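[1] Model the following, please.
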Amino acid sequence: MSNFEMRKRVLSGKDATPALATPVMISQGGNNPKDGRKRPVLPLASTIPTPVLLASLVIVVLGLGYLILIRSFTDTSLGELPQTTEKMMKSQNRNPILRRPNLAESSPEQKIRDRVTPKPSISLPNVLLIEAGTSVVSNWLFQAGACHPQVFENEPSYYATQVQFFDQDRRYNQGLEFYSKRYEHCLEEEGAEILLDATPNTLEFPQRVHDIYSQDAAGSAMATLKLIFVLREPVERELAAYKLKANDYKQSTDKKNGWFSDAVHEDGTLMTFEQYSLKVLRMYIKEKLDYYRSGLYGMHLIEWAKLFNRNQLLVLNYDEIRDDPSKAQWRIEQFLGKNLGGSLSAYDVIQTEDIPKRAIKLLEPLFRKSNEVLYDFLRDNPGPSVEQSPFSRFKQRISPKEHTGLVLPNVLLIGAQKAGTSAVAEWLFSNGVCNPEAFDGEPFFFNKEAQFFDNDRRYKQGIEFYANRFDHCIDEGLDELIMDGTPNTIEHPQRVYDIYSQPAAGDSISKLKLIVILREPIDRELSSYNHKVFDYKEAEAKEKRGWVNGTWYRDVVHKQDGTIKTFTEYCEFVKLYMMVGAPTYKISRYVEHLKNWVRLFDRSHLLVLSYDELLNNPSKVQWRIEKFLGTKFDGALAKTNQSGSASKVKEIPHSAIQVLEPVFHDLNEELYKFLNNTPGPPMEQSPFPRFYVRSSNNT
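    Residues are numbered from 1 along each chain as shown. From the prediction side, this is the model:
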């Protein structure tokens with residue numbers, strides 16, 4: 001065979017193996033016959049022309065040089081890069097740090113395996129059970145194999161069902177890893193497909209949940225997260241929560257500190273549910289404060305739906321868990337995509353007769369509007385197909401009252417200012433008497449006193465302006481007793497009569513009851529003086545002394561130098577203005593005011609109380625008010641404010657008595673005579689006690 005034919009066969013792949021198997025032996029020195037050593041050489045080498053071999057050698061050398069250059073380049077640090085190269089990479093927004101190839105990554109199959117089944121570095125619950133009735137559902141789920149969160153050292157045992165991560169600032173601030181550690185053990189438990197956190201108060205923290213599950217470290221936890229909301233009729237829910245608090249209160253040695261403390265009186269005794277509804281829930285629910293917003297389901301679900309896919313949210317009605325638990329169980333199993341077994345059943349059942357009627361009347365109207373928001377949201381934003389649709393409306397125990405006329409107070413606490421009106425008003429309002437509503441931009445004290453009749457600007461806006469402050473009383477079911485506690489109303493009987501006599505007021509005037517508390521006039525002026533001095537010093541501390549001329553305390557300050565007048569100096573000022581009939585200083589001329597009230601209103605609708613009796617025997621005053629209003633109230637009427645401020649003048653200097661006693665003596669005598677000759681309602685103190693001046697020996 002010629003050399004050409006052999007080369008052709010080898011290059012074409014034919015006879016390659018035999019050629020390699022039987023190498024030609026030639027001498028190491030080439031064709032020198034004297035060199036007896038032989039070595040194997042591929043037959044191809046002996047047949048390839050020299051130019052081809054040289055060209056191949058050049059290619060090999062160049063290739064090796066290129067590889068050496070690349071290796072040298074990858075071993076160079078960032079600081080050693082040529083300036084032009086670094087600038088070029090920065091301009092292209094590329095990372096100038098090059099990663100050396102890793103031969104272990106050369107397998108495409110290995111890359112696919114790593115991408116599809118990454119080793120989980122962090123574990124988060126894939127089911128959050130939220131709001132009321134969670135213990136009923138969580139007990140079943142945990143029994144069915146859901147993984148409990150781990151309880152760490154010094155943590156309470158109930159953390160084994162509810163981590164209380166999102167609703168506790170201290171725990172939440174420790175971050176995702178703190179939360180994840182509670183579930184690390186679940187990865188090692190066989191068959192632990194459901195990782196469950198059953199913290200009910202998570203309801204209020206959708207943003208926190210979203211922020212945790214959206215972190216890169218959470219991986220795909222957001223996509224696999226499922227949220228189950230169990231909604232219970234709000235009044236029922238509040239009673240169930242109260243029962244838990246009452247139980248913990250009874251077992252606790254510290255009766256004033258604990259999560260139940262808001263249901264405890266100042267003396268350490270437990271409130272009844274009626275008292276708790278009135279003194280705590282009603283106020284805080286109206287203000288939508290913190291924990292007390294939980295029963296306002298509609299507003300919360302709207303926020304959850306902004307952050308999570310609606311199909312991630314399963315909304316259940318606790319009534320269905322109670323009445324048809326197998327159906328509720330089916331919904332949960334379908335939602336989780338797992339047949340869990342066991343039986344879901346409601347054991348915390350509250351019947352309508354278990355809820356005090358007064359509590360229903362106090363609370364149900366507060367939730368009515370929020371419930372409608374909930375029903376509308378669920379109707380307009382359907383969830384997973386297994387969810388109840390339409391959502392069953394909560395049981396309504398009382399029908400909402402409709403009113404077409406204006407709502408006016410049927411109780412006016414008309415005065416006198418600085419005679420204990422705040423103590424009486426606070427007691428009445430805390431016992432279900434409806435207070436005026438302060439509108440946006442109005443000071444907080446308008447929730448006690450509407451300041452309508454004694455304020456020209458407000459009075460000129462008319463009866464509807466006044467009535468609007470009390471519309472909420474009907475909506476909240478507090479229409480039996482509605483009160484305005486503005487103390488300076490004592491000076492404006494004609495204005496009250498004119499408003500209540502209007503056709504729009506209906507028969508409001510015939511139902512109106514008036515309460516007035518009278519305090520020894522000089523003592524009342526001392527209390528007013530102390531209050532003004534306190535407010536002035538507060539303003540002075542805040543560097544607001546320039547506001548003196550426009551404030552109610554301007555008359556306790558010397559205009560020339562801004563110093564505070566003594567009480568005797570203040571009394572001289574009061575005497576001067578009383579003599580000229582200035583309105584602000586006429587309050588203590590009680591008899592003149594009462595005569596005007598009796599001229600316009602039935603005397604039996606006016607209860608006159610003594611401040612001295614309120615101070616020394618508040619329970620007797622409480623009895624008189626209850627009889628007058630025809631209602632028995634819970635709790636005790638507290639003594640009036642007797643704070644011991646260091647700067648407070650506690651006794652009346654004799655010099656001040658000398659200034660004002662001549663002014664008030666004849667007026668007081670006329671008052672006693674008027675009250676004795678014009679008897680009021682039967683529970684009124686009779687004869688009315690004479691005023692007593694508490695004085696010092698200072699001159």
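[2] doesn't residue 343 make contact with residue 143?
    No: at 9.5 Å, residue 143 and residue 343 do not qualify as touching, with contact defined as CB atoms under 8 Å. (Glycine included, C-beta is placed from N, CA and C.)
[3] which of these two has more neighbours?
    Taking other CB atoms under 10 Å, residue 143 and residue 343 do not tie; residue 143 has more neighbours (13 against 10).
[4] How about the contacts made by the more buried one?
    By CB atoms under 8 Å, 6 or more residues apart in numbering, the residues touching residue 143 are residue 342.
[5] confidence score at it?
    Residue 143 is assigned 92 on the pLDDT scale.
[6] Need the phi and psi values for the closest residue to residue 132 other than its chain neighbours.
    Closest residue in space to residue 132, ignoring its immediate chain neighbours: residue 232 at 3.6 Å, by CB to CB, 6 or more residues apart in numbering. The phi/psi pair for residue 232 (degrees, to the nearest 10) reads phi -120, psi 140.
[7] Check residue 232 and give its pLDDT.
    Per-residue confidence (pLDDT) for residue 232: 91.
[8] burial count for it?
    28.
[9] Residue 535 too?
    14.
[10] Okay, now stretch 506-518: how far is its last residue from its first?
    Stretch 506-518 has its terminal residues 31 Å apart, counting by CA to CA, to the nearest Å.
[11] Residue 134 versus the residue nearest to residue 132, what's the distance?
    Remark: distance between residue 232 and residue 134 (CB to CB, to the nearest Å) = 10 Å.
[12] list residues touching both of those two?
    Joint contacts of residue 232 and residue 134 (CB under 8 Å, 6+ apart) do not exist.
[13] For residue 483, which non-adjacent residue is closest in space?
    That would be residue 411: by CB to CB, 6+ apart, it lies 4.0 Å from residue 483.
[14] so how far is residue 143 from residue 369?
    Distance from residue 369 to residue 143, by CB to CB: 38 Å.
[15] ok so, going back, let me see the contact set for the residue nearest to residue 132.
    131, 132, 133, 240, 318, 319.
[16] what does residue 283 give?
    Going by CB under 8 Å, 6+ apart, the list of residues near residue 283 is empty.
[17] Show the model's pLDDT score for the residue nearest to residue 483.
    So, for residue 411, pLDDT stands at 98.
[18] How many residues are close by it?
    Neighbours around residue 411, by other CB under 10 Å: 22.
[19] Over to the one 5 residues further on?
    For residue 416, the tally of surrounding residues (other CB under 10 Å) stands at 23.
[20] looking at it, it is touching residue 586, isn't it?
    No: between residue 416 and residue 586 no contact is recorded; they are 10.7 Å apart, counting by CB under 8 Å.
[21] Filter the contacts of residue 232 down to the ones in helices?
    Among those, the residues falling in helices (DSSP state H) are 240, 318, 319.
[22] that older thread, need the contact list for the residue nearest to residue 483.
    Contacts of residue 411 (CB under 8 Å, 6+ apart): 428, 433, 481, 482, 483, 484, 512, 513, 514, 515, 629.
[23] again, only using 7 Å
    Neighbouring residues of residue 411 by CB atoms under 7 Å, 6 or more residues apart in numbering: 433, 481, 482, 483, 513, 515, 629.
[24] Ok, residue 514 next?
    By CB under 7 Å, 6+ apart, the contact list for residue 514 reads 412, 414, 597, 601, 605, 606.
[25] give me that answer again for 10 Å
    For residue 514, the contacting residues are 411-415, 489-490, 493, 496, 597, 601-603, 605-608, 628, 680, by CB atoms under 10 Å, 6 or more residues apart in numbering.
[26] And for residue 660?
    521-522, 525-526, 568, 571-572, 574-575, 578, 588, 652, 693.
[27] Repeat that for residue 396.
    Going by CB under 10 Å, 6+ apart, residue 396 touches 233, 360, 364, 367, 368, 371.
[28] Looking at neighbours, which among those residues is most surrounded?
    Of the contacts of residue 396, with other CB under 10 Å as the count, residue 233 tops at 24 neighbours.
[29] Kindly confirm whether my reading is correct that residue 410 touches residue 482.
    Yes: using CB atoms under 10 Å, residue 410 is in contact with residue 482, at 5.6 Å.
[30] joint contacts of these two?
    Common contact partners of residue 410 and residue 482 (CB under 10 Å, 6+ apart): 433, 434, 470, 508.
[31] Just send those residues back as a markdown table, with neighbour count too.
    Formatted as a markdown table, those follow (neighbours: other CB atoms under 10 Å):
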| residue | neighbour count |
| --- | --- |
| 433 | 23 |
| 434 | 24 |
| 470 | 23 |
| 508 | 21 |
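[32] In helices, which of those appear?
    Using DSSP H to define helices, the subset of the shared contacts of residue 410 and residue 482 located there is residue 508.
[33] tell me which of the shared contacts of residue 410 and residue 482 is nearest to residue 305?
    Here the nearest of the shared contacts of residue 410 and residue 482 to residue 305, counting by CB to CB, is residue 434; it sits at 34.6 Å.
[34] For that closest one, give its distance to residue 498.
    In terms of CB to CB, residue 434 sits 23 Å off from residue 498.
[35] Then residue 573?
    Residue 573 is 32 Å from residue 498, by CB to CB.
[36] Check residue 467 too.
    Residue 467 sits 14 Å away from residue 498, going by CB to CB.
[37] The two: which has the busier surroundings?
    Using other CB under 10 Å, the more surrounded residue of residue 467 and residue 498 is residue 467, with 19 against 15.
[38] Next, the contact list for the more buried one, please.
    Counting by CB under 10 Å, 6+ apart, the residues that residue 467 touches are 405, 406, 407, 408, 409, 452, 499, 504, 505, 508.
[39] Tell me, how many residues neighbour residue 147?
    Look at residue 147: counted by other CB under 10 Å, it has 23 neighbours.
[40] What's the per-residue pLDDT of it here?
    For residue 147, the predicted pLDDT is 95.
[41] Let me know whether it touches residue 138 as I believe.
    No: using CB under 10 Å, residue 147 is not in contact with residue 138; the gap is 11.9 Å.
[42] Confirm for me that residue 521 is in contact with residue 666.
    No: taking CB under 10 Å as the definition, residue 521 is not a contact partner of residue 666, at 11.7 Å.
[43] Among those two, which residue is more densely surrounded?
    Shown here are residue 521 and residue 666; by other CB under 10 Å, residue 521 has more neighbours (25 against 10).
[44] Run a quick neighbour tally on residue 124.
    Applying other CB under 10 Å, I find that residue 124 has 24 neighbouring residues.
[45] Please consider this matter closed, and thank you.
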